[in-house]
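Q: Attaching a predicted model along with its sequence, questions to come.
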Amino acid sequence: MLLSKTAVYILLIISIIGLHTGLWFIFRKAQVKPWLSLIPVYSLWIWLRKVLDRPVWWMIFIIFFPITIFMVLMMVWKTIRQFGKRSYWVLIPGTFFFFLYLLVILKMFAQLCHINIH
């Protein structure tokens, strides 16, 4: 039982680090101060309001735990689609590996638009 708890904690930490790393680059692309992605609840607020331009009630749904998972996955889909990727071959891997995939999508978008991301 100790091994499974440890594995869950490791996956949780990796997911949180990956999410904030992906948000760092998305915030930079959206011309928002990237360090704001390191603030836990506020980063979701900025992601919803400034990057995705969604209504306030989405944040209310994120507060309730069972709905949180669905809402974050929906926000990932909306972010991927906002960068012009609409194929399910792109969206499905993006759902399961969103924290890594957001970085890949951002780099591809920057190359297509000839934007230099530091």
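A: Yep, it's here.
Q: now residue 33, nearest residue through space, not along the chain?
A: Closest residue to residue 33 apart from its sequence neighbours, by C-beta to C-beta, 6 or more residues apart in numbering: residue 27 at 6.9 Å. Just so you know, the C-beta spots here come from the backbone N, C-alpha and C atoms, and that holds for glycine as well.
Q: same thing with residue 54?
A: Closest to residue 54 by C-beta to C-beta, 6+ apart is residue 48, at 4.8 Å.
Q: what about that neighbour, distance to residue 61?
A: For residue 48, the distance to residue 61 equals 10 Å [C-beta to C-beta, to the nearest Å].
Q: Give me the more crowded residue out of those two.
A: The residue with more neighbours, out of residue 48 and residue 61, is residue 48; 19 against 12, by other C-beta atoms under 10 Å.
Q: give me every residue that touches the more buried one.
A: 54, 58-59, 62, 75 (C-beta atoms under 8 Å, 6 or more residues apart in numbering).
Q: Now do the helices in the protein.
A: Here the chain has its helices, by DSSP state H, at 2-29, 40-46, 57-63, 65-82, 88-96, 98-112.
Q: Of those helices, which shows the lowest average pLDDT?
A: Across the helices of the chain, helix 98-112 has the smallest mean pLDDT, namely a mean of 59.
Q: ok, back up a step: check the helices of the chain for me and report the most buried one.
A: helix 98-112 (a mean of 17; mean count of other C-beta atoms under 10 Å).
Q: quick one on the thing from earlier: could you export the contacts of residue 48 as JSON lines, including distance to residue 82?
A: Shown next, in JSON lines, are the contacts of residue 48 (distance: C-beta to C-beta, whole Å):
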{"residue": "54", "distance to residue 82": "11"}
{"residue": "58", "distance to residue 82": "15"}
{"residue": "59", "distance to residue 82": "18"}
{"residue": "62", "distance to residue 82": "18"}
{"residue": "75", "distance to residue 82": "10"}
